[in-house]
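K.L.:
the amino acid sequence is not available; the structure is as follows:
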């Protein structure tokens with residue numbers, strides 16, 4: 001979402017990094033470049049003006065810390081104002097209400113309300129251990145009701161059967177009563193898409209709001225619409241008591257303008273951000289972490305959270321013990337490790353959270369994709385159990401059979417075997433349990449992933465790949 005803005009800011013902030021001290025003269029050009037970068041990212045003009053003014057005031061009005069250079073101090077000022085522009089502290093979802101707590105979803109048609117309702121249900125169920133009921137009040141689009149019913153099954157949430165002949169308010173009241181009787185913790189009410197200028201539809205959602213008295217009223221907005229997202233959110237906020245915004249489709253070709261404009265224009269916090277089509281791809285919006293991503297500092301906190309939440313710790317510990325004790329590293333072990341990577345959102349999901357990604361050429365990043373994981377798994381699955389455990393027996397005829405079974409070229413099988421041999425040698429060097437070597441193991445594993453899909457052999461791991 002922020003790739004273009006990140007690259008532009010990186011180039012811009014390099015110009016100030018070598019300065020001996022910060023003065024109004026030597027940051028004038030840099031501020032102009034920052035302003036241009038934000039405008040190109042489709043950030044609203046009033047937000048750009050106030051942002052650059054605050055950065056200038058913060059940078060000039062503060063003594064340079066002993067631990068920082070003037071350039072670092074300026075970047076620190078930009079970071080602090082990015083965080084502030086996006087809301088400062090993380091705004092948590094509010095469920096402090098007598099169950100069932102009602103969450104109302106509002107927004108334009110096509111913004112992703114129905115999918116976001118299901119994603120939010122999964123988030124509440126898995127992370128907050130809540131019993132969730134999904135309800136559709138979109139009587140104008142029967143397909144939306146069917147879609148929500150299908151998604152409710154997918155995420156393991158309850159679904160209230162909607163009668164399209166009923167009025168939305170009647171559906172909401174009946175569903176709320178059912179939620180009380182069946183002891184649901186949360187009821188998520190999906191609504192029809194509507195324009196803020198449509199008086200009839202806006203009156204309808206006001207009536208819906210009054211009927212269920214939601215504890216959270218979310219405006220769901222497509223981040224691809226840039227600063228228009230903020231302007232639309234403002235129109236809805238003037239008509240409804242919004243409590244938060246959900247930004248959708250942030251993994252697409254969005255320029256970041258919505259994330260940087262919504263809070264300042266509406267005064268309503270962004271509470272969640274959708275980062276992919278997968279049903280679990282909804283995350284709480286952390287302004288400080290997003291600011292870190294924009295400035296190419298990575299998002300290691302989110303990466304650590306992903307690791308702790310999505311990694312099978314028992315399997316990870318078993319594997320670590322095996323390596324420490326000198327056990328043989330097999331293709332079965334390798335498959336288990338890359339399956340964990342896939343479970344965390346794949347290679348691209350990991351790369352997005354690593355520092356320094358903005359300095360990697362687009363053509364290089366484009367070659368590292370999740371098809372690599374699928375190819376590797378297919379190749380390993382085409383091996384016999386004996387071949388997985390003793391890959392040295394894989395000669396020409398076996399390679400031909402494995403390649404045919406996996407639907408890949410023999411050259412890809414050869415690449416994987418070379419990568420695996422390099423990793424196996426590295427595992428032997430890790431015996432003794434020195435934790436500092438774990439980073440080397442990860443680089444090796446990622447190198448193996450990068451080595452597929454036309455990347456060639458990359459024994460230097462991910463870091464080695466990016467130096468090419």
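P.N.:
On my side now, so go ahead. Owing to the predicted nature of the structure, the values given are computational and were not obtained by experimental measurement. Residues are numbered from 1 along each chain as shown.
K.L.:
ok, and the closest non-adjacent residue to residue 201?
P.N.:
residue 194 (3.7 Å; C-beta to C-beta, 6 or more residues apart in numbering). The way it works is simple: take the backbone N, C-alpha and C, and place the C-beta from them, glycine included.
K.L.:
what about the one you found, how many residues close to it?
P.N.:
20 (other C-beta atoms under 10 Å).
K.L.:
that one: what's it in contact with?
P.N.:
Contact analysis of residue 194 by C-beta atoms under 8 Å, 6 or more residues apart in numbering lists 106, 108, 109, 201, 202, 204, 205.
K.L.:
residue 219 versus the second one, what's the distance?
P.N.:
So that's residue 108. Noted for residue 108: a distance of 9 Å to residue 219, by C-beta to C-beta, to the nearest Å.
K.L.:
who has more neighbours out of the two?
P.N.:
Neighbour count, other C-beta under 10 Å: between residue 108 and residue 219, residue 219 has more, with 29 against 19.
K.L.:
where does that one sit: helix, strand or coil?
P.N.:
The three-state assignment at residue 219 reads strand, by DSSP: H, G, I helix; E, B strand; the rest coil.
K.L.:
enumerate the beta-bridge partners assigned to it.
P.N.:
For residue 219, the beta-bridge partners under DSSP bridges are residue 106, residue 245.
K.L.:
quick one: it and residue 236 touch, right?
P.N.:
Yes: if you go by C-beta atoms under 8 Å, residue 219 and residue 236 touch, sitting 5.0 Å apart.
K.L.:
what touches both of the two?
P.N.:
Here residue 219 and residue 236 have 106, 107, 242 as joint contacts, going by C-beta under 8 Å, 6+ apart.
K.L.:
scan the residues you listed and report the most crowded one.
P.N.:
Counting neighbours by other C-beta under 10 Å, residue 106 leads the shared contacts of residue 219 and residue 236 with 28 neighbours.
K.L.:
look up how far residue 420 lies from it.
P.N.:
With C-beta to C-beta as the criterion, residue 106 and residue 420 are 52 Å apart.
K.L.:
span of stretch 261-275 from start to end?
P.N.:
18 Å (C-alpha to C-alpha, to the nearest Å).
K.L.:
just give me the longest helix of this structure.
P.N.:
helix 410-429 (DSSP state H).
K.L.:
mind listing what's buried in that one?
P.N.:
By neighbour count with 16 or more other C-beta atoms under 10 Å, helix 410-429 contains the buried residues 412, 413, 415, 416, 417, 419, 420, 422, 423, 424, 426, 427.
K.L.:
of those residues, which one scores lowest on pLDDT?
P.N.:
In terms of pLDDT, residue 427 ranks lowest among these, with 66.
K.L.:
is residue 258 in a helix, a strand, or coil?
P.N.:
Three-state call for residue 258 (three-state DSSP): helix.
K.L.:
okay, now it: neighbour count?
P.N.:
There are 32 residues near residue 258, going by other C-beta under 10 Å.
K.L.:
name the nearest residue to it, ignoring sequence neighbours.
P.N.:
In space, residue 258 is closest to residue 229, 3.8 Å off (C-beta to C-beta, 6+ apart).
K.L.:
got the contact list for the helix or strand containing the one you found?
P.N.:
Taking DSSP states H and E as the definition, residue 229 sits inside helix 227-239. Helix 227-239 has contacts (C-beta under 8 Å, 6+ apart) with 42-44, 47, 106-108, 196-197, 202, 205-206, 219, 221-223, 225, 242, 245, 247, 257-258, 261-262, 264-268.
K.L.:
and those residues, which are buried?
P.N.:
42-44, 47, 106-108, 196, 202, 205, 219, 221-223, 225, 242, 245, 247, 257-258, 261-262, 264-266, 268.
K.L.:
residues contacting the closest residue to residue 122 other than its chain neighbours?
P.N.:
In space, and not counting its chain neighbours, residue 122 is closest to residue 155: 4.0 Å by C-beta to C-beta, 6+ apart. Contact analysis of residue 155 by C-beta under 8 Å, 6+ apart lists 118, 119, 121, 122, 125, 279.
K.L.:
and these, which of them are buried?
P.N.:
In the contacts of residue 155, burial by neighbour count holds for 118, 119, 121, 122, 125, counting by 16+ other C-beta under 10 Å.
K.L.:
now render these as CSV, adding pLDDT.
P.N.:
Converted to CSV, those look like this (pLDDT from 0 to 100):
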residue, pLDDT
118, 94
119, 94
121, 95
122, 94
125, 93
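K.L.:
restricted to helices, list the residues you listed.
P.N.:
Judged by DSSP H, the buried ones among the contacts of residue 155 include 118, 119, 121, 122, 125 as members of helices.
K.L.:
so the third one touches residue 154, yeah?
P.N.:
In this case it means residue 121. No: Residue 121 lies out of contact with residue 154 (C-beta under 8 Å); the separation is 9.8 Å.
K.L.:
hang on, the earlier thing: what is the lowest-pLDDT residue among the contacts of residue 194?
P.N.:
Lowest pLDDT within those is found at residue 109 (83).
K.L.:
does it count as helix, strand or coil?
P.N.:
coil.
K.L.:
what's the domain layout of the protein?
P.N.:
The chain breaks down into these domains under automatic domain parsing: 3-85, 101-296, 303-466.
K.L.:
check contacts around residue 403.
P.N.:
Contact analysis of residue 403 by C-beta under 8 Å, 6+ apart lists 379, 382, 409, 410, 412, 413.
K.L.:
so for the helix or strand where it lies, what gets flagged as buried?
P.N.:
Assigned by DSSP H and E, residue 403 belongs to helix 396-406. Within helix 396-406, the residues scored as buried using 16+ other C-beta under 10 Å are 398, 399, 401, 402, 403, 406.
K.L.:
list the residues that contact the second one.
P.N.:
This points to residue 399. Contacts of residue 399 (C-beta under 8 Å, 6+ apart): 410, 413, 414, 417.
K.L.:
hmm, the second one is touching residue 402, no?
P.N.:
Yep, that's residue 413 we're talking about. Yes: when contacts are counted by C-beta under 8 Å, residue 413 is listed as touching residue 402 (5.4 Å).
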